[in-house]
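1. Model the structure of this input:
(one chain, ligands or ions: 2)
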Amino acid sequence: MAGTETHYTLDLPSFDKPVKLLIVVAPYYKDIADDLVAGARAVAAKAGAEVELIEVPGALEIPPAIALAGRMADFDGYVALGCVIRGETTHYDTVCNDSSRGLMMLGLGGACIGNGILTVENRDQAVVRADPAGQDKGGGAAAAALHLIALSRKWAGKTKGIGFRA
Ligand SMILES: Nc1c(NC[C@H](O)[C@H](O)[C@H](O)CO)[nH]c(=O)[nH]c1=O
Ligand SMILES: CC(=O)[C@@H](O)COP(=O)(O)O
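-> Ligands and ions are numbered 1, 2, ... in the order given. Below is the predicted model of the structure:
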């Protein structure tokens, strides 16, 4: 059984203007998802962020939901929460790879996203990672989104140097 230590050690950023976070959760495993959401909400509260939550059927729907929100709503960042547990077929690989790649593509496009989609071999691995008193991956995903939002605000309105352009 893995340890219960969390792995995010940066201090949470502070904000002078309100932050609006959207949590997109796939409650494919409801108890696991509930723990992930509790952890994410606790970290968001510590940073004073406003939180809205939507549910989608599974991890594969999380990136499209964030893409829709990016086009049709006005959130500062997104927290993707879910749990993918290996089954008998290769569908596990599709769900893990395509959900994470979808989030990364949105992130490289400028979306501030924390990825809290667990990809595990069994339920025991999920439980300890979702538990807010354990590895708190939901809290870690919220923290990641908040750090990216802080970065985007740090550089907002700055004239572009001759820096790297995607
Ligand atoms: N097996 C898991 C899934 N599978 C469902 C997909 O995410 C998707 O909803 C479906 O293929 C319809 O498009 N989703 C999870 O979140 N976790 C799993 O373990
Ligand atoms: C991760 C999955 O898609 C998995 O839960 C589906 O189970 P199976 O591969 O046994 O159909």
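
2. residue ranges with poor pLDDT in the chain?
-> Along the chain, segments meeting pLDDT under 70 span 1-2, 159-166.

3. Single out the residue in it that lies closest to ligand 1.
-> Residue of the chain nearest ligand 1, by CB to the nearest ligand atom: residue 58 (2.2 Å). C-beta coordinates here come from the backbone N, C-alpha and C atoms, glycine included.

4. and that residue, what does it touch?
-> 26, 28, 82, 95 (CB atoms under 8 Å, 6 or more residues apart in numbering).

5. before we move on, what about residue 63?
-> 80, 98, 99, 102, 103, 105, 106.

6. again, but for residue 127
-> 32, 35, 134.

7. That one: which element?
-> If you go by DSSP states H and E, residue 127 is part of helix 123-130.

8. now for the helix or strand just after that helix, which elements pack on it?
-> The first helix or strand that comes after helix 123-130 along the chain, using DSSP H and E, is helix 137-155. Identification of packing neighbours for helix 137-155 by 3 or more CB pairs under 8 Å, 6 or more residues apart in numbering; DSSP states H and E yields strand 20-25, helix 30-46, strand 77-85, strand 113-120, helix 123-130.

9. Quickly compare the ones you listed and say which is most buried.
-> strand 77-85 (a mean of 27; mean count of other CB atoms under 10 Å).

10. Make CSV from the contacts of residue 127 and add distance to residue 13 to it.
-> Listed next are the contacts of residue 127 as CSV, based on distance: CB to CB, whole Å:
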residue, distance to residue 13
32, 27
35, 24
134, 24
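
11. still on that earlier bit, what about the contacts of residue 63, which are in strands?
-> The subset of these located in strands under the criterion DSSP state E comprises residue 80.

12. Looking at the contacts of residue 63, state which has the most neighbours.
-> residue 80 (30 neighbours; other CB atoms under 10 Å).

13. excluding its backbone neighbours, what's nearest it?
-> With sequence-adjacent residues excluded and distances taken as CB to CB, 6 or more residues apart in numbering, residue 80 is closest to residue 62, at 4.7 Å.

14. phi, psi of that neighbour?
-> phi -70, psi -50 (degrees, to the nearest 10).
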